[in-house]
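Participant: Here's my sequence, what's the structure:
(one chain, ligands or ions: 1)
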Amino acid sequence: MTHTTQSWQWYEQNAQIYQEMDPATVEFGRQLLDYADPPPGARLLDVGAGRGAVAGQAAARGCAVTAIDAAPSMVTQLREDFPGITVSRMDAHRFDFADGEFDVVTAGFVLDLLSDPAAALAETRRVLRPGGVVALSVPGLLPHRERWQWLVDLAQEFYPTAIQEDTPPEATVDIPTLLAGTGFTGQNRRDFHLPVPIAGPLALWELFAARLPMAESTGAVVRQPRDRAEEFRRRFLSGARRMHAGGGIAMDRHMIMYRAAKPS
Ligand SMILES: C[S@@+](CC[C@H](N)C(=O)[O-])C[C@H]1O[C@@H](n2cnc3c(N)ncnc32)[C@H](O)[C@@H]1O
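Facilitator: Next up, the predicted model:
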């Protein structure tokens, strides 16, 4: 799995805190599952299952769930939390499953991490039965962008490679084209917005700082020398204080979901 190491490394180190860190995770999982709409008893494969936001809720709805993840500590944690789910360590680019083994495949916030999402979708199509459904999600745009411009500007100054102006996250992976290219039909898209109020400047910093190591480990940003990192933190907090005073801090989180079928 050498070519995909970076996509799961951060998750490997943060399996314990992943779900606690992001209060939206469980709700996003519920939304994706509602969209996939598997009937009880459906054989469901959850790809890049993480802490089980999708897989756990699918099992609770009576699906026969198989969950895979590339990060060993996610796999260990999943097995512990959900003894009723079949969990394997596996790379999303190549499944050790037979053709047509599943009725539904879900993948919450995974395709955007992969080096070759088309290969993952081709594998997804292979393991689905004819007429089977894939439902996946990717991060959407940050709404109210103007309220966050101070942070975009600050990140641009300190971490210029991380911020590419005018490139919405959804553009980094063109799911509709990939789905069509891998032979899925009947595509649909659904957007979901979730306002996440943040208690204050420090809470915002904690959320941001927890994500920084991932960006560093994937090479998306260059680690800053200590004094520069401290200056970044100071200016981050002062920007966050202004935002807090001027109406509060809320991250209106946006998820884009796609659903399609393998032709019968
Ligand atoms: C953003 S998390 C999403 C977790 C879960 N689906 C959710 O919605 O909460 C992405 C997950 O994909 C896993 N992952 C990353 N690259 C992978 C790969 N190449 N194959 C399988 N899993 C991978 C990570 O380890 C992580 O658990």
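Participant: Name the next helix or strand downstream of the longest helix along the chain, please.
Facilitator: In the chain, taking DSSP state H as the definition, the longest helix is helix 226-245. Beyond helix 226-245 in the direction of the C-terminus, DSSP states H and E gives the next helix or strand as strand 249-261.
Participant: what comes into contact with stretch 188-202?
Facilitator: Counting by Cβ atoms under 8 Å, 6 or more residues apart in numbering, stretch 188-202 makes contact with 23-24, 27-28, 31, 35, 140, 143, 176, 204, 207, 237, 240-241, 243-244, 248-260, all of which sit outside it. From N, CA and C alone the C-beta is placed, and that goes for glycine too.
Participant: Now the buried members of the residues you listed.
Facilitator: Buried members of the contacts of stretch 188-202, counted by 16 or more other Cβ atoms under 10 Å: 24, 27-28, 31, 35, 140, 204, 207, 237, 240, 243-244, 249, 251-260.
Participant: and residue 37, what does it touch?
Facilitator: With contact taken as Cβ under 8 Å, 6+ apart, residue 37 is in contact with residue 133.
Participant: so residue 48 sits right up against residue 112, yeah?
Facilitator: No. Judged on Cβ atoms under 8 Å, residue 48 makes no contact with residue 112 at a distance of 10.2 Å.
Participant: More neighbours: which of the two?
Facilitator: Under the criterion of other Cβ atoms under 10 Å, the comparison of residue 48 against residue 112 puts residue 48 first, with 27 against 18.
Participant: ok, the closest residue to that one other than its chain neighbours to the ligand distance?
Facilitator: Spatially, and ignoring its direct neighbours in sequence, residue 48 is nearest to residue 110 (3.3 Å; Cβ to Cβ, 6 or more residues apart in numbering). The span separating residue 110 from the ligand equals 5 Å under the rule Cβ to the nearest ligand atom, to the nearest Å.
Participant: so residue 82 touches residue 53, yeah?
Facilitator: No. Counting by Cβ under 8 Å, no contact exists between residue 82 and residue 53, whose distance comes to 11.2 Å.
Participant: which one of those two has more residues nearby?
Facilitator: Neighbour tally, residue 82 and residue 53, criterion other Cβ under 10 Å: the higher count belongs to residue 53, 26 against 20.
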